[in-house]
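Asker: Would you be able to build a 3D model of this:
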Amino acid sequence: MQNFFNRYVLYFAWLISCLALVGSLYYSEIRNFGACNLCWYQRICIYPLVIILGMSVFSGKIEAIPYVIPQLVIGILLTIYHVLIQSVPSFNFIDFCGVSTSCQERIDIGLGWITLPILSLVAQVLILSGIVYAWRLGNKPSDKSKASKSEPK
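Answerer: Predicted coordinates for the structure are as follows:
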């Protein structure tokens, strides 16, 4: 089971980014829920992952991962702030939304206390965990390089 996870962890991260993209488009375009400015910033952090992680998955290369990590960290910080201002309205000390859809509005998506920013946070944390794990797997020195370093010349 561990070998299966190690082999497909980057694929799962890409799949989660695809689901996040389709889910956000579903709620905004089909269910007609207006996206606030913070939602758009979160989308800016998630949407490129579909292409970047897709290229990494299908090429088998992990060179792009270090460049994606800061993008995800920024997205996670924005999402945490979004969850906080929805949970604690007095926490809204930066007005990101202006006259657009209110960032504090809790839209009922039929999942009880789970809101769209919480779904975004879960997706981004899962993607970040997956790509960091894949990156660490890909950057471990192989047994050959260990053997060649330890052998005297």
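
Asker: How many residues are close by L78?
Answerer: Neighbourhood size, L78 [other C-beta atoms under 10 Å]: 23. Backbone N, C-alpha and C define where each C-beta goes, glycine included.

Asker: Give me the distance between the residue nearest the centre of the chain and Y26.
Answerer: For the chain, Q124 is the residue whose C-alpha lies nearest the centre (C-alpha atoms, centre = their mean; 2.5 Å). Look at Q124 and Y26: by C-beta to C-beta, to the nearest Å, they are 18 Å apart.

Asker: I44 now?
Answerer: I44 is 18 Å from Y26, by C-beta to C-beta.

Asker: now do L10
Answerer: Distance from L10 to Y26, by C-beta to C-beta: 25 Å.

Asker: swap in L38?
Answerer: For L38 relative to Y26 (C-beta to C-beta), the value is 19 Å.

Asker: quick one, which of these two is more surrounded?
Answerer: For L38 versus Y26, neighbours defined as other C-beta under 10 Å are more numerous around L38 (24 against 11).

Asker: Would you check that my belief about that one contacting H82 is correct?
Answerer: Yes. If you go by C-beta atoms under 8 Å, L38 and H82 touch, sitting 4.5 Å apart.

Asker: what's the offset of stretch 51-67 from the middle of its chain?
Answerer: Distance of stretch 51-67 from its chain centroid, counting by C-alpha atoms, centre = their mean, to the nearest Å, is 14 Å.
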